[in-house]
Structures are given as C-alpha cells and as structure tokens.
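**Q** can't give you the sequence, but here's the structure:
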C-alpha cells in the first residue's frame, strides 16, 4: 500500500512541476490558444490576472513570487529591469523572434530586447457613438472634443475618461503640444488645469465598465483603449443597437502601449516560459489574440490569419503617418511619481 502512495505522490509532484505560471492582463489570450499550448507541451498553464501595471508592480513589490512569465507594458518593463527582477533572454531559444516587425523592437524601454519580446499593443484614443456624434456635428480627430467646453456642452454627462494618472495626463499633454513623456512640472500643471476645466462635463473616470456604457448607448464619447472600443462595437452590433462604436486617433498624437513577454527571476520553469514565448510568436497563435479582442499585433507572420475587417482598421493597424504621432510612456523616477500623485489628488478633489 505504501508503495502505491509513494508512486501517486511522485506522479502528483511531477504533474505539479509541469506548470507554467503566467501573470497576465485579464482576457489577454484566448482559451483555445492556451489549450493548444498545453497539448503541445504536455503541461498546464495557470494564470493570475491584473487590471493595470501599477497593480502588478505593487503585488511583486509586496513579495509575490513564482511567476514564470509576465506581460507588462513598456514603462513597467523598464521598472522591472531597473529592479533587476527579470531574466535576460537567451534568444537562441526563440527562433520565431524573426517574425516580429522591427518597428516594435529595440525600444527605449529595453534597447536590444535584452529582456522583452513584443506580445501585443493598444492605442489610447477617442471612442465614440457614431450616430450621436454625427447628430451633434462634433469633431473626433482632436483631443479638443474631450477638453474644450464648446464641444463638451453638447456632451455633458455622456463622456468618460480613463481612471489613469499617466494616460489622462498624456492626452492633455498631447493636446497642449507636448510629449506624453514631458516631465516639466509647469507643463504638468497646465495639463492639470485643462483637465480640471473639463471635468464638470465628464460623467466619470472609468477604466472598466465604459465598454458596456458605450455598448448600451449611455455614454457617447470616451477616452479609452483601442481594443476596448473594438469590443464595444462588436457588442453593439451583436445586440442590434443600431449604431456603431468607432475609434479615432487624434491628430495631436496618442499613447501606444506595447505589452511584452518577460521572464521573472522567481519563476521556477523558465524552460516552459521559453517554449510559450516561441509558441506565441507563431503567426496563427499570435493572430488569435487580435481576432479575439482587436489588439494591435507586432507579429508580421500573424497578418495572413487576421480577420480582414480588423486588419484594415487604422485603430488596430495605424499607417506610418499615424504611427509617427504615437509615443510609448516611459517610467518615472520617485520624485516625478510623487509630483504626479499630488497633481492627481488635486484633479480628483476639485
């Protein structure tokens, strides 16, 4: 009997060891992709989820360990590199890295891609109810529609903005003619004042339920993520709402958030992590995420598998002219974080 128990214990331990621990954004990979990888590697994928980079960084800072693979945005990758929390990549184990569009490699947050492999990207832009905005005759090619009272008077209570310090400040900075990474406190205060002036017209700071609000027609214009706008439009069409939810990249420019796969030092199975990264770099596997949620895709080999309507959307695949107006957020130092936190408090309390 004891031999049977020992055998079962050994089998159980071996099974437990063949587990990839993935810390990812919610709804950021399709179930069928996971199932295919599990079948291919004879392992299990266990996922934990986060809703923003600050939450993920805070959890790791509080001592969370055991994650083989994480999918942070560029500025969070930068923070993790500075904390010496990541394993350098052995690119000999990633032959499919050749599929990535060079435009998304060698970024400022990880020169030479020593630690990160591009996964997907989103653009922070304007999403809107096409029917209502056309009726009101409002422009959607500029951040002005989000900040200027002459437009907002027609939209009062029908606008939401992201509940995100960096993203909202970035939109205001771009409208004022500055870089999203401008750290001049005078410019930050100008952006603060612009936001406070517009705030009475907004319905809410909302980073989650705005998709549903757009879909049912309660909200007509949002500052949001391109993949969320895609989802809202999909839901509205499925529900026969009679209107489209469209996206526009403002002419002043916007934030491009490139999410990348990185290996955390605490992960016990870097071997499985490498297999997963190389698996996700295959065109078909990579395309499933774009087809599922409308995320931008830096993988050239994925393009033939992407649904034509998505492939032709400028909010998902911007052209070179639009790309030139997009910027990735950089990480802030401690002093800058404190200043921004104070400004954010002022915005929320006014």
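**A** Cool, the structure landed. Nothing here was measured: the structure is a model prediction, and the numbers come from that model. Residues are numbered from 1 along each chain as shown.
**Q** show me the strands in the protein, by range?
**A** 19-25, 44-50, 69-70, 116-129, 159-161, 204-205, 221-225, 245-248, 254-263, 326-327 (DSSP state E).
**Q** any idea of the mean pLDDT in the fifth one?
**A** Over the span of strand 159-161, the pLDDT mean works out to 97.
**Q** cool, and the second one?
**A** In this model, strand 44-50 has an average pLDDT of 95.
**Q** residues in contact with that strand: which ones?
**A** For strand 44-50, the external contacting residues (Cβ atoms under 8 Å, 6 or more residues apart in numbering) are 15, 18-26, 29, 34, 37-38, 56, 59, 67, 276. Any C-beta I mention is one placed from the backbone N, CA and C, and that applies to glycine too.
**Q** show the buried residues in those.
**A** 19-25, 29, 34, 37, 56, 67, 276 (16 or more other Cβ atoms under 10 Å).
**Q** quick one: closest of the strands of the chain to residue 174.
**A** Of all the strands of the chain, strand 254-263 sits nearest to residue 174, with 6.5 Å by Cβ to Cβ.
**Q** got the domain ranges for the chain?
**A** Domain ranges of the chain: 2-120+257-318, 122-255+329-349, per automatic domain parsing.
**Q** would you single out the least confident of those domains?
**A** Ranked by mean pLDDT, the domains of the chain end with domain 2-120+257-318 at the bottom, a mean of 91.
**Q** from the chain's centre, how far out does that one sit?
**A** 13 Å (Cα atoms, centre = their mean, to the nearest Å).
**Q** check stretch 254-272 too.
**A** Using Cα atoms, centre = their mean, the distance from the centre of stretch 254-272 to the centre of the chain it belongs to is 13 Å.
**Q** what comes up buried for that stretch?
**A** The neighbour-count check on stretch 254-272 (16+ other Cβ under 10 Å) flags 254-264, 267, 269-270, 272 as buried.
**Q** with adjacent residues omitted, what lies nearest to residue 91?
**A** In space, and not counting its chain neighbours, residue 91 is closest to residue 97: 6.0 Å by Cβ to Cβ, 6 or more residues apart in numbering.
**Q** gap between that neighbour and residue 109?
**A** From residue 97 over to residue 109 the distance is 17 Å, taken as Cβ to Cβ, to the nearest Å.
**Q** which one of the two is surrounded by more residues?
**A** residue 109 (22 against 17; other Cβ atoms under 10 Å).
**Q** quick one: the more buried one and residue 155, what's the gap?
**A** Distance from residue 109 to residue 155, by Cβ to Cβ: 35 Å.
**Q** grab the nearest non-local neighbour of residue 181.
**A** residue 330 (4.7 Å).
**Q** typo on my end, it should be residue 56
**A** Nearest to residue 56 is residue 50, by Cβ to Cβ, 6+ apart, at 4.2 Å.
**Q** do the same with residue 305
**A** In space, residue 305 is closest to residue 287, 3.6 Å off (Cβ to Cβ, 6+ apart).
**Q** surely that neighbour is in contact with residue 302?
**A** Yes - using Cβ atoms under 8 Å, residue 287 is in contact with residue 302, at 4.0 Å.
**Q** mind checking how far residue 228 is from residue 201?
**A** Residue 228 sits at a distance of 21 Å from residue 201 (criterion: Cβ to Cβ).
**Q** those two: which has the busier surroundings?
**A** A direct count of neighbours by other Cβ under 10 Å for residue 228 and residue 201 places residue 228 higher, at 23 against 19.
**Q** need the residues that contact stretch 148-161.
**A** 132, 136, 138-139, 144-146, 168, 171, 197-198, 200-206, 210, 213, 218-224.
**Q** hmm, 6 Å instead?
**A** Contact with stretch 148-161 is made by 136, 138, 145, 168, 201-206, 210, 219-223, as judged by Cβ atoms under 6 Å, 6 or more residues apart in numbering.
**Q** going through those, which ones are buried?
**A** Among these, those classed as buried by 16+ other Cβ under 10 Å are 138, 145, 168, 201-203, 205-206, 210, 219-223.
**Q** farthest-separated two in these?
**A** Going by Cβ to Cβ, the pair spanning these furthest: 138 and 205, at 21.1 Å.
**Q** measure the nearest residue to residue 189 once chain neighbours are set aside to residue 159 for me?
**A** Once flanking residues are discounted, residue 189 sits nearest to residue 343: 7.2 Å by Cβ to Cβ, 6+ apart. Separation of residue 343 from residue 159 (Cβ to Cβ): 21 Å.
**Q** which one's more surrounded, those two?
**A** Comparing residue 343 with residue 159 by other Cβ under 10 Å, the one with more neighbours is residue 159, at 23 against 18.
**Q** is that one bridged to anything, and to what?
**A** When bridges are called by DSSP bridges, residue 159 pairs up with residue 221.
**Q** list the contacts of residue 246.
**A** 128, 130.
**Q** for it, name its beta-bridge partners.
**A** Note on residue 246: beta-bridge partners by DSSP bridges are residue 128.
**Q** check the gap between residue 329 and residue 100 for me.
**A** Distance from residue 329 to residue 100, counting by Cβ to Cβ: 20 Å.
**Q** in JSON lines: the buried ones among the contacts of stretch 148-161, plus distance to residue 336.
**A** Below are these laid out as JSON lines (distance: Cβ to Cβ, whole Å):
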{"residue": "138", "distance to residue 336": "34"}
{"residue": "145", "distance to residue 336": "29"}
{"residue": "168", "distance to residue 336": "16"}
{"residue": "201", "distance to residue 336": "29"}
{"residue": "202", "distance to residue 336": "25"}
{"residue": "203", "distance to residue 336": "30"}
{"residue": "205", "distance to residue 336": "21"}
{"residue": "206", "distance to residue 336": "25"}
{"residue": "210", "distance to residue 336": "27"}
{"residue": "219", "distance to residue 336": "32"}
{"residue": "220", "distance to residue 336": "34"}
{"residue": "221", "distance to residue 336": "30"}
{"residue": "222", "distance to residue 336": "27"}
{"residue": "223", "distance to residue 336": "22"}
